[in-house]
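K.L.:
everything below, folded, please.
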Amino acid sequence: TVLQNGLDLVFINKPDKVYKADQQLSMTDTIMLIVEAYSSAVERTRIVERLTTQKVIMLQKNPYSYFYGHVHFGYRVVDNPDFDKKKVDGRIAKKILVENEDEVQLIKEIYKMYIDGKTMYEITRWLNASNYTFSYDWVRELLGNKIYKGERYYGKETFHIKPIVDSETFNKVQALKKKN
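P.N.:
Numbering: from 1, shown residues only. Okay, the predicted model is just below:
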């Protein structure tokens with residue numbers, strides 16, 4: 001479809017071979033392109049598997065390992081003091097998550113307010129009146145996120161970290177959410 005859309009095709013490993021969009025491909029070229037595309041797809045799958053395995057190994061060594069992407073409220077990313085650029089073995093993450101104490105206190109307060117009978121709407125209004133800009137959906141997700149009871153997930157694996165709220169509090173909130 002690349003050629004059909006008027007784009008010439010050049011492979012990095014064969015820069016001297018240019019497949020022109022305005023030229024008919026020979027049967028040999030077509031077969032070669034199919035084989036190369038298949039080989040590339042297989043290699044991409046292997047790379048993803050290796051990277052996933054590597055991340056799981058890092059999380060097993062340190063469940064606070066950070067790779068990229070979203071950082072949950074209550075945490076911040078810092079350089080890993082155990083990371084040594086001279087001894088990079090792929091088993092120690094360059095960055096880790098640490099608790100953000102101000103946010104941790106707010107999370108505990110939100111859980112307490114909900115247990116004490118405040119609705120998610122009331123908590124949202126209280127947050128916004130306190131110079132935070134959070135939505136009802138954000139509060140709902142925060143109250144249901146298992147990371148706050150010390151369960152961090154990567155793929156199908158669970159890694160245990162220090163809980164911000166104890167399991168009893170977390171489970172009580174889940175029961176209250178089901179009632180409401």
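K.L.:
mind checking pLDDT for the residue nearest to the spatial centre of the chain?
P.N.:
With distances taken as CA atoms, centre = their mean, the chain has Gly69 as the residue nearest its mean C-alpha position (5.3 Å). The model reports Gly69 with a pLDDT of 89.
K.L.:
look up phi and psi at it.
P.N.:
phi 90, psi -160 (degrees, to the nearest 10).
K.L.:
quick one: it from Tyr154, how far?
P.N.:
To Tyr154, Gly69 is 11 Å away according to CB to CB, to the nearest Å. The C-beta positions use only the backbone N, C-alpha and C, and glycine is treated the same way.
K.L.:
now swap in Leu97 and tell me
P.N.:
Per CB to CB, Leu97 is found 12 Å from Tyr154.
K.L.:
looking at these two, which is more packed in?
P.N.:
Leu97 (22 against 15; other CB atoms under 10 Å).
K.L.:
hang on, that one in a helix?
P.N.:
No: if the criterion is DSSP: H, G, I helix; E, B strand; the rest coil, then Leu97 is strand and not within a helix.
K.L.:
what's opposite it in the beta bridge?
P.N.:
Val77 (DSSP bridges).
K.L.:
if I pick it, what's in contact with it?
P.N.:
Listed by CB atoms under 8 Å, 6 or more residues apart in numbering, the contact partners of Leu97 are 64-66, 71, 75-77.
K.L.:
can you tell me which helix in the protein is longest?
P.N.:
helix 27-61 (DSSP state H).
K.L.:
which other helices and strands contact it?
P.N.:
strand 65-66, strand 151-154, strand 157-160 (3 or more CB pairs under 8 Å, 6 or more residues apart in numbering; DSSP states H and E).
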